[in-house]
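Trainee: just to be clear, the model below is a prediction. Sequence and coordinates:
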Amino acid sequence: MSIRTPPTLEELSRRALLRNEALAISALRKLPKMHVPALFMEASNSRCTGIVKAMVVAWPFPYLPVGALMDTFDSAIFHAVLDGLDVLLTQVCPTRGELRVLDFRRVPCDFWTIQAGTEDGNCSAETVSEKQAGKPPPRHELSPRIKVRIDLNFRSQLEEEEMYFLQWAQQRKDSLQLCCENMKIVLQSLDNVRMFLSVFELAYIKVLELTINWSWCTLAQLFTYLLEMRNLHTLYLVHRHENMFGVCCLPRLDEKIVQKLASQFSGLSGLQHLYVHGFCFFSEHMKLLLRNLKTPLETFSVTHCQLFPSHLKDFALCPCLHQLKHLDLSGVLLCNVSLLPLSVLLEMGADSLETLELQGCKIKDSQFRELLPALSQCSQLTKVNFYSNDFSMNLLRDLFHHTANMSKMTMEQYPAPQECYDQNYISVHTFSQLCSQLVDTLRAIRQPRRISFATDVCDGCSQSCVYDQETRLCSCLR
């Protein structure tokens, strides 16, 4: 029989106070600051919208992490918070309220950080000192605009609350600082994307993920906005194809459009992570893009894209790719090209590279051997993914010997050796036997932590057979 801990006197007092809305609102003027965050959590969890609205108006700290204080998103509470902010915007002389930053992001935040009136740790932005927060501005100075911080995910079908917030924000963008640091836009029209971006101050955007089905010319019209994203450090460009097969084959562009597209990257001085998925790059596109990168990248991910042999040479010659931590070329067919330029790139980043993903590149033994000397120098690697390449037992054994000094490796994913196949059909017994032998081979060299082998994807069920200490078969072979 479990014994429930009885509520504390403070908890009972909060619950009693919330049962009388008028009394609770009038008590806010005299309530000690240390009790305010807990009362806000209780009020939001109990859906006391009138009290939540009043608490936003009377919030006694510069920072209100409403997303962190709410257990789950609630539409009524969301509207109440915005209504409270509207009241603040109409006040000429706020009585007690000290609010300067309203944060809707669901990030962890320490209770005592809230009381101190700062944003640090996982809630970092800028710090408002207690001295600044405790003194009202001189009468001749205008009060600073309240900053509203939110992360948004605009899917193909917008949620009702997203549309409401956009309309609300559009009408108040001259009175507020509207900051969206992480913005994800999925399959929206160019006009909609322009509308989204017009609401927010673009200099605050740090992460932009854009999934589109546009042409290059349409994309070029949007890229002009990149010049204003001075703090952008992560950019995802994902092309979604109508037939969902293969990579996009877009028509060759006018040279001026190519230059316009590529030139936008020159203004992204803080860009650290670049992800490009599903595009078709002609030689001049990639060369100009790389030439306009101004700072070293930590992540370079070009996946399920059509690349040409010259692109690998351009990668090797680009100084901004010589200190990579993460390189991902998954889904790029490399079965008919020399990998020597890629070997040069690995040598350049040997002291920094942490993850290398070449899944689905259909690389053959003779090609991959060109990479082995450079790969053996990459002592900082923690993860490799070589699934869906055409490797033999001999190649895999040689690869293991070249990874003897990779003591930081935590995850290794290798393709099933070609000897497991009989006219493109997997032999389950041979697969299990050979993978077990390969694990023993590697253990004689060093101790792997997580290692797995996978077959090519089954045409019938779109799954792979995986050997990871034990054999897990695809649906068709179970």
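Mentor: All right, it came through fine. Residues are numbered from 1 along each chain as shown.
Trainee: where's the closest residue to residue 404 other than its chain neighbours relative to residue 385, distance?
Mentor: Leaving aside its chain neighbours, residue 404 sits nearest to residue 445 (5.2 Å; criterion: Cβ to Cβ, 6 or more residues apart in numbering). Heads up, the C-betas are built off the backbone N, CA and C, glycines and all. Here the criterion is Cβ to Cβ, to the nearest Å. By it, residue 445 lies 20 Å from residue 385.
Trainee: compare these two (neighbour count), which wins?
Mentor: Neighbours per residue (other Cβ atoms under 10 Å) separate residue 445 from residue 385, with residue 385 holding more: 21 against 15.
Trainee: got a list of what the residue nearest to residue 404 touches?
Mentor: Residues counted as contacts of residue 445 (Cβ atoms under 8 Å, 6 or more residues apart in numbering) are 400-401, 403-404.
Trainee: how's this structure carved up into domains?
Mentor: Each domain of the chain is listed here as a residue range: 9-134, 151-321, per automatic domain parsing.
Trainee: surely residue 382 touches residue 354?
Mentor: Yes: with contacts counted by Cβ atoms under 8 Å, residue 382 reaches residue 354, the gap being 5.0 Å.
Trainee: give me the buried subset of the contacts of residue 445.
Mentor: 400, 403 (16 or more other Cβ atoms under 10 Å).
Trainee: what about the contacts of residue 445, which are in helices?
Mentor: 400-401 (DSSP state H).
Trainee: with distance to residue 46 and pLDDT added, can I get the contacts of residue 445 in JSON lines?
Mentor: Listed next are the contacts of residue 445 as JSON lines, based on distance: Cβ to Cβ, whole Å; pLDDT from 0 to 100:
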{"residue": "400", "distance to residue 46": "60", "pLDDT": "96"}
{"residue": "401", "distance to residue 46": "64", "pLDDT": "94"}
{"residue": "403", "distance to residue 46": "57", "pLDDT": "92"}
{"residue": "404", "distance to residue 46": "61", "pLDDT": "90"}
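Trainee: format the contacts of residue 445 as CSV; extra columns: distance to residue 55.
Mentor: Formatted as CSV, the contacts of residue 445 follow (distance: Cβ to Cβ, whole Å):
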residue, distance to residue 55
400, 61
401, 65
403, 57
404, 61
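Trainee: which of the contacts of residue 445 sits closest to residue 68?
Mentor: For those, the closest approach to residue 68 (Cβ to Cβ) belongs to residue 403, at 42.4 Å.
Trainee: ok, now how distant is that closest one from residue 392?
Mentor: Remark: distance between residue 403 and residue 392 (Cβ to Cβ) = 17 Å.
Trainee: and for residue 58?
Mentor: 72 Å.
Trainee: name the residue in the two with the higher neighbour count.
Mentor: Set side by side, residue 58 and residue 392 show more neighbours around residue 58, with 21 against 15, by other Cβ under 10 Å.
Trainee: mind listing the helices for the stretch 51-200 of the chain?
Mentor: Assigned by DSSP state H, counting those that start in this stretch, the helices in the stretch 51-200 of the chain fall at 66-69, 75-90, 111-116, 130-134, 160-172, 190-199.
Trainee: to residue 236, which of those lies closest?
Mentor: helix 190-199 (13.9 Å).
Trainee: helices or strands next to the closest one in the packing?
Mentor: In terms of contacts (3 or more Cβ pairs under 8 Å, 6 or more residues apart in numbering; DSSP states H and E), helix 190-199 is packed against strand 152-154, helix 160-172, strand 182-186, helix 216-223.
Trainee: report the distance from the first one to the chain centre.
Mentor: What it means is strand 152-154. Offset of strand 152-154 from its chain centre (Cα atoms, centre = their mean, to the nearest Å): 12 Å.
Trainee: for the record, mean pLDDT for that strand?
Mentor: Computed over strand 152-154, the mean pLDDT rounds to 86.
Trainee: in that strand, what counts as buried?
Mentor: Along strand 152-154, these residues count as buried under the neighbour rule (16+ other Cβ under 10 Å): 152, 154.
Trainee: closest one to residue 314 among the helices and strands packed on helix 190-199?
Mentor: Within the helices and strands packed on helix 190-199, the stretch nearest residue 314 is helix 216-223; the backing value is 18.4 Å (Cβ to Cβ).
Trainee: may I have that closest one exported as CSV, CA atoms only?
Mentor: Coordinates of each C-alpha in helix 216-223 appear next as CSV, following Å, rounded to 0.1, in the frame of the first residue of the first chain:
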residue,chain,number,x,y,z
TRP,A,216,16.0,27.0,-58.6
CYS,A,217,14.5,30.3,-59.9
THR,A,218,11.9,30.3,-57.2
LEU,A,219,14.5,29.4,-54.6
ALA,A,220,16.7,32.3,-55.8
GLN,A,221,13.9,34.8,-54.9
LEU,A,222,14.0,33.6,-51.3
PHE,A,223,17.7,33.6,-50.9
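Trainee: in that helix, which residues are buried?
Mentor: Buried residues in helix 216-223, defined by neighbour count with 16+ other Cβ under 10 Å: 216, 219-220, 222.
Trainee: quick check: what element follows it along the chain?
Mentor: Downstream of helix 216-223, the first helix or strand assigned by DSSP states H and E is strand 234-239.
Trainee: can you give me how far that following strand is from the chain middle?
Mentor: Distance, stretch centre to chain centre, for strand 234-239: 10 Å (Cα atoms, centre = their mean).
Trainee: residues making contact with that strand?
Mentor: Contacts of strand 234-239 with the rest of the structure, by Cβ under 8 Å, 6+ apart, involve 206-213, 219, 248, 268, 271-279, 299.
Trainee: buried ones in that strand, by neighbour count?
Mentor: Under the neighbour-count criterion of 16+ other Cβ under 10 Å, strand 234-239 has 234-239 buried.
Trainee: of those residues, which is the nearest to residue 68?
Mentor: Nearest to residue 68, judged by Cβ to Cβ, of these is residue 234 at 22.2 Å.
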